[in-house]
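Participant: Provided below for reference: sequence and predicted model.
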Amino acid sequence: MNEAKNRIHRLFVDGVLGDRVLIDCSPNQAHYLGNVLRLRIGAKVLVFNGRDGEWRAEIREQSKKTCLLECIEAMREQSRNLDLHYLFAPIKRARLDYMVQKATEMGASKLLPVRTEFTQVSRVNKVRMLANAIEAAEQCGTLNVPEVGDLQDLEQALRKWDPVRRLVFCDEGAEEADPLQALQEIRGAQTAVLIGPEGGFSAAERKLLRAQPFVVPISLGPRIMRADTAAVAALALVNGVKASPG
């Protein structure tokens, strides 16, 4: 049998989920289920909302622009959010899409774009970012979709920072040789990761960041990475440290 044809597709929904709860799909979702996937009444999908776990649902009613689902079986309990914030200088659209998707897959709970001195992109599309995060969550099996914050200046973000949360600063000029050793202090702490723009951080920004008591500077090694590649590397390091036994 063709495995792709027999797998159950996943769908993120906004409403409350529970036994026998009915879900009105959005027009885009109805189009996707009916016209793209060609599912019909009686077909089953998996639905999640980031709060109530994952449910098996069945198509009960369907038309060209509408689709009504009914939750029929709880499949997974809601997993605990990693409480991992990801701060980044915006990059060009296609690579930003990739970065958002990978940050979602790596368990980021909040995506926070920040404007730095060398940031080349002046605006971000929050709707597009959220759509990419949802698509990544649907495809990779996670039950959590990150919150998307507004674009703000790096200095502004630091001024209102909660010092309880450690900020892992990926500094291309860092002298710290062993990032795993440097990251030992984040074990058990609320954490955020900061990735800079293609041109790196300015000297003034590096000085400001290193002056903050909650900042943990690390090096990602001698190679120059693109911002989207650095995001995956840094989030993987942080996840590895947090998951390893203390």
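Facilitator: Thanks, I have it.
Participant: How about the spatially most central residue of the chain: what's its closest non-neighbour residue?
Facilitator: With distances taken as C-alpha atoms, centre = their mean, residue 104 lies nearest the centre of the chain, 2.5 Å away. Once flanking residues are discounted, residue 104 sits nearest to residue 136: 4.0 Å by C-beta to C-beta, 6 or more residues apart in numbering. From N, CA and C alone the C-beta is placed, and that goes for glycine too.
Participant: Residue 173 in helix, strand or coil?
Facilitator: coil (DSSP: H, G, I helix; E, B strand; the rest coil).
Participant: quick revisit: would you mind measuring from the residue nearest to residue 104 to residue 14?
Facilitator: As for residue 136, its distance to residue 14 is 17 Å (criterion: C-beta to C-beta, to the nearest Å).
Participant: about what we covered before: would you agree the residue nearest to the centre of the chain is in contact with residue 138?
Facilitator: No - under the criterion of C-beta atoms under 8 Å, residue 104 makes no contact with residue 138, lying 9.9 Å away.
Participant: returning to that earlier point: contacts for the helix or strand hosting the residue nearest to the centre of the chain?
Facilitator: Assigned by DSSP states H and E, residue 104 falls within helix 93-105. With C-beta atoms under 8 Å, 6 or more residues apart in numbering as the test, helix 93-105 has contacts from 86, 88, 90-91, 111, 121, 124-125, 128-129, 132-133, 135-137, 140, 142, 145-146, 226-228, 231-232, 235.
Participant: can you tell me the average pLDDT over that helix?
Facilitator: For helix 93-105, mean pLDDT rounds to 93.
Participant: Which positions in that helix come out as buried?
Facilitator: 96, 97, 98, 99, 100, 101, 102, 103, 104, 105 (16 or more other C-beta atoms under 10 Å).
Participant: Heading C-terminal from that helix, find the next helix or strand.
Facilitator: strand 110-115.
Participant: List of residues touching whatever helix or strand residue 58 lives in?
Facilitator: Following DSSP H and E, the helix or strand that holds residue 58 is strand 54-62. With contact meaning C-beta under 8 Å, 6+ apart, strand 54-62 is reached by 8, 10-11, 17-18, 22-23, 30, 33-34, 39-48, 67-76, 143.
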